[in-house]
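Peer 1: curious how this folds, go ahead:
(chains A, B, C and D)
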Protein chains: 2
Amino acid sequence: MLNDHPFIESVRSFNRFYTNIIGLLDQHFLDSPFSLTEGRVLYEIRHTEGCSAKKIRGNIAIDEGYLSRIIDKFIRQGLIKKKPSSADRRLHIIELTKKGQIEFSKLNNNSNKLISQKFGKLSQNERNDLIIMMKTIRVFLSKND
Amino acid sequence: MLNDHPFIESVRSFNRFYTNIIGLLDQHFLDSPFSLTEGRVLYEIRHTEGCSAKKIRGNIAIDEGYLSRIIDKFIRQGLIKKKPSSADRRLHIIELTKKGQIEFSKLNNNSNKLISQKFGKLSQNERNDLIIMMKTIRVFLSKND
DNA sequence: TCAAATTACTTGACAAAGTCAAGTAATTTG
DNA sequence: CAAATTACTTGACTTTGTCAAGTAATTTGA
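Peer 2: Predicted structure coming up:
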């Protein structure tokens, strides 16, 4: 058990700071038809090969029933389509419709815009350094897994 | 307007990763009597000199009415006490009671424990590097302010 | 100097987000 | 092939957060 209090305090301070950064960047959901959680689900559907509710729940922690309703809503809105898996008919394979792809792109572009604003003042060197630091932090924090 | 897509994608990827880290560390609220937002409010009360609802709202984005009710709840639970400011009787100065301090400490200790678990496998050098990287990221992202 | 505007907070009514548990149909296990 | 498990759905509910109107104290400016 670690007992390095200045270290822990620094980490917590950074976490508070970065929570705010993430909060700022999540503001693009405010002028979108999606909630933060819906956005995450849409992201998973977009980026998961042969996506299903089960796979989504493998990637983000979300209540089964809640997810079921979000998927239902997306279908009603014409953003995704669902077909029973031929291998296992309990599973439903989910994919974006054309409309869903367009909506996802909009969301994505708005997100990119906000990141540009927040990170745009950095020089090329600073940007390179930032990416290296982010990658390193990721390696450090994946040590336990 | 920045147009460096690999950069933006790396930032977003890190943000998704770190959102999960923060989510993990916020899990200590699950076995506490507080919600995440209540915990943040308690943190502000603990760390703000001459705290008032106004000052809390200066530090975290929260609806005025919602905050008013949280403060009310904390008073009913005996965690804080409120006295009208002598300088401006619209304001109420808020501070933790003894009980509030104890509850805050518990919350704080649980949080520290989770951070220890997540970061505890790092060597002394890695910990030092991590803090430097976190500080640098913070400087970079504060450039616009 | 005092009426109008503003500020700090409160309250009621409501909406959005998330949780829990029971239920259905398909699949796996022994 | 009966019992257990899995993937998902549905109903009922709680928690969390928002909006707007209201009150009392303070500030502003003609």
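
Peer 1: going forward, measure contacts and count neighbours with C-alpha atoms only.
Peer 2: Will do.

Peer 1: how far is stretch A:92-109 from where the chain is centred?
Peer 2: Taking CA atoms, centre = their mean, to the nearest Å, one finds the center of stretch A:92-109 at 14 Å from the center of the full chain.

Peer 1: no, scratch that, I was asking about stretch A:37-51
Peer 2: Distance, centroid of stretch A:37-51 to centroid of chain: 8 Å (CA atoms, centre = their mean).

Peer 1: does any part of that stretch sit near DNA strand C?
Peer 2: Yes: under the criterion of CA under 7 Å from any atom of the strand, stretch A:37-51 makes contact with DNA strand C via A:Thr37.

Peer 1: A:Lys113 - how many residues pack around it?
Peer 2: A count of nearby residues for A:Lys113, using other CA atoms under 10 Å in any protein chain shown, gives 19.

Peer 1: put the alpha carbons of the helix or strand hosting it into PDB.
Peer 2: Using DSSP states H and E, A:Lys113 sits within helix A:98-119. Written as PDB, here are the backbone C-alpha positions of helix A:98-119 (Å, rounded to 0.1, in the frame of the first residue of the first chain):
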ATOM      1  CA  LYS A  98     -26.700   6.100 -43.500                       C
ATOM      2  CA  LYS A  99     -28.500   8.600 -41.300                       C
ATOM      3  CA  GLY A 100     -26.700   7.300 -38.200                       C
ATOM      4  CA  GLN A 101     -23.400   7.700 -39.900                       C
ATOM      5  CA  ILE A 102     -24.200  11.300 -40.800                       C
ATOM      6  CA  GLU A 103     -25.300  12.100 -37.300                       C
ATOM      7  CA  PHE A 104     -22.200  10.500 -35.900                       C
ATOM      8  CA  SER A 105     -20.000  12.600 -38.200                       C
ATOM      9  CA  LYS A 106     -21.700  15.800 -37.000                       C
ATOM     10  CA  LEU A 107     -21.100  14.800 -33.400                       C
ATOM     11  CA  ASN A 108     -17.500  13.900 -34.200                       C
ATOM     12  CA  ASN A 109     -16.900  17.200 -36.100                       C
ATOM     13  CA  ASN A 110     -18.200  19.200 -33.300                       C
ATOM     14  CA  SER A 111     -16.000  17.300 -30.800                       C
ATOM     15  CA  ASN A 112     -13.000  17.900 -33.100                       C
ATOM     16  CA  LYS A 113     -13.700  21.600 -33.200                       C
ATOM     17  CA  LEU A 114     -13.800  21.900 -29.400                       C
ATOM     18  CA  ILE A 115     -10.500  20.000 -29.100                       C
ATOM     19  CA  SER A 116      -9.000  22.300 -31.800                       C
ATOM     20  CA  GLN A 117     -10.000  25.300 -29.700                       C
ATOM     21  CA  LYS A 118      -8.700  24.000 -26.500                       C
ATOM     22  CA  PHE A 119      -5.400  22.600 -27.900                       C
END
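
Peer 1: in it, what counts as buried?
Peer 2: A:100-101, A:103-104, A:107, A:110-116, A:118-119 (16 or more other CA atoms under 10 Å in any protein chain shown).

Peer 1: same question for stretch A:118-137.
Peer 2: By 16+ other CA under 10 Å, the buried positions in stretch A:118-137 come out as A:118-122, A:127, A:130-131, A:133-137.

Peer 1: just read off the phi/psi values of A:Ile93.
Peer 2: With angles defined as degrees, to the nearest 10, A:Ile93 sits at phi -80, psi 130.

Peer 1: how many other residues sit next to it?
Peer 2: Residue neighbour count, defined by other CA under 10 Å, stands at 20 for A:Ile93.

Peer 1: got it, and A:Leu30?
Peer 2: Counted with other CA under 10 Å, residues neighbouring A:Leu30 total 10.

Peer 1: now do the contacts for it.
Peer 2: Under the criterion of CA atoms under 8 Å, 6 or more residues apart in numbering or on different chains, A:Leu30 has no contact partners.
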